[in-house]
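Trainee: here is a sequence together with a model predicted from it:
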Amino acid sequence: MRALVTGGGSGIGAAVAHRLADDGFDVTVADLEPEGTATELGASALRLDVRDEAQVAQAMDGVDVLVNAAGIGSTADAPGTSLEVWEDVFAVNARGTFLCCKHVIPGMKARGGGAIVNVASVAGLVGLKNRVAYSASKGAVIALTRALAVDHVGDGIRVNAVCPGTIDTPWVQRLVSDAGESLDALRARQPMGRLGTPEEVADAVLYLTTAEFATGTILTIDGGLTAA
């Protein structure tokens, strides 16, 4: 089966690409810079900007499993968030996920089914300080996941989402540094007292690609953050 992972060039997306390849999927790594991960896996590399509908429409041909892991973030409250930042975050996280789903579904339907896993966030489930644009965009991804699941269950297409807590990726480290925050503080806010790993999220994504009775599921992988 052909699996396409957006944002597969680094972080969670790269871990997902590795996990799916290990499980026997024919993986395409789609990213603005996909080559590193693709070379490691001996997989196909696809330069893709998920904000560009024409690029997305072409990329989704023949995809059986889609993982929407491309995402960006910001660290500010509403007064501190410019309209440009708000729109940039939504363009990648919400619009990009929507476009990929929109253009992959017809082919999946024609072939009798498929699986979509969207990478959302606990920030879409609970309020996190100074994450207003990111939280809103990931809340949109969660709502989109549920709507798509209901719309396409009869087409044999399962649509689920994972909601990671704070995961130890270069992207998170950069955001924290830019905001003057502390990784120790982020570890402390999770009951397990540590950050998650990309591989732990990838395991959850793999489960959702193969869990035949799961659709519309929002699976948290957060060290207990949303339970506290």
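Mentor: That came through fine.

Trainee: can you get me the start-to-end distance on stretch 45-60?
Mentor: Stretch 45-60 stretches 13 Å from its first residue to its last (CA to CA, to the nearest Å).

Trainee: what's in contact with that stretch?
Mentor: For stretch 45-60, the external contacting residues (CB atoms under 8 Å, 6 or more residues apart in numbering) are 4, 6, 28-35, 37-39, 66, 68, 70, 91-92, 95-97, 99-100, 102-104, 107. For every residue, glycine as well, the C-beta is placed using N, CA and C.

Trainee: what count of nearby residues applies to Ala161?
Mentor: Using other CB atoms under 10 Å, Ala161 has 29 neighbouring residues.

Trainee: ugh, wrong one, Ala143
Mentor: The number of residues packed near Ala143 is 15, by other CB under 10 Å.

Trainee: what kind of secondary structure is it in?
Mentor: With DSSP: H, G, I helix; E, B strand; the rest coil as the basis, Ala143 sits in helix.

Trainee: renumber starting at 37 from here on
Mentor: Sure, I'll start numbering at 37, so the last one becomes Ala179.

Trainee: distance of it from Gly72?
Mentor: Distance, Ala179 to Gly72, using CB to CB, to the nearest Å: 33 Å.

Trainee: ok, of the contacts of stretch 81-96, which come out buried?
Mentor: Among the contacts of stretch 81-96, those buried by neighbour count (16 or more other CB atoms under 10 Å) are 40, 42, 64-67, 70, 73-74, 102, 104, 106, 127-128, 131-133, 135-136, 139-140.

Trainee: okay, and which of those map to helices?
Mentor: 73-74, 132-133, 135-136, 139-140 (DSSP state H).

Trainee: which among these gets closest to Ser213?
Mentor: Distance to Ser213, by CB to CB, is smallest for Thr73 among those, at 23.2 Å.

Trainee: do you know the pLDDT at that closest one?
Mentor: Here, the pLDDT recorded for Thr73 equals 97.

Trainee: ok, Gly160 touching Val168?
Mentor: No. Using CB atoms under 8 Å, Gly160 makes no contact with Val168, being 12.0 Å away.
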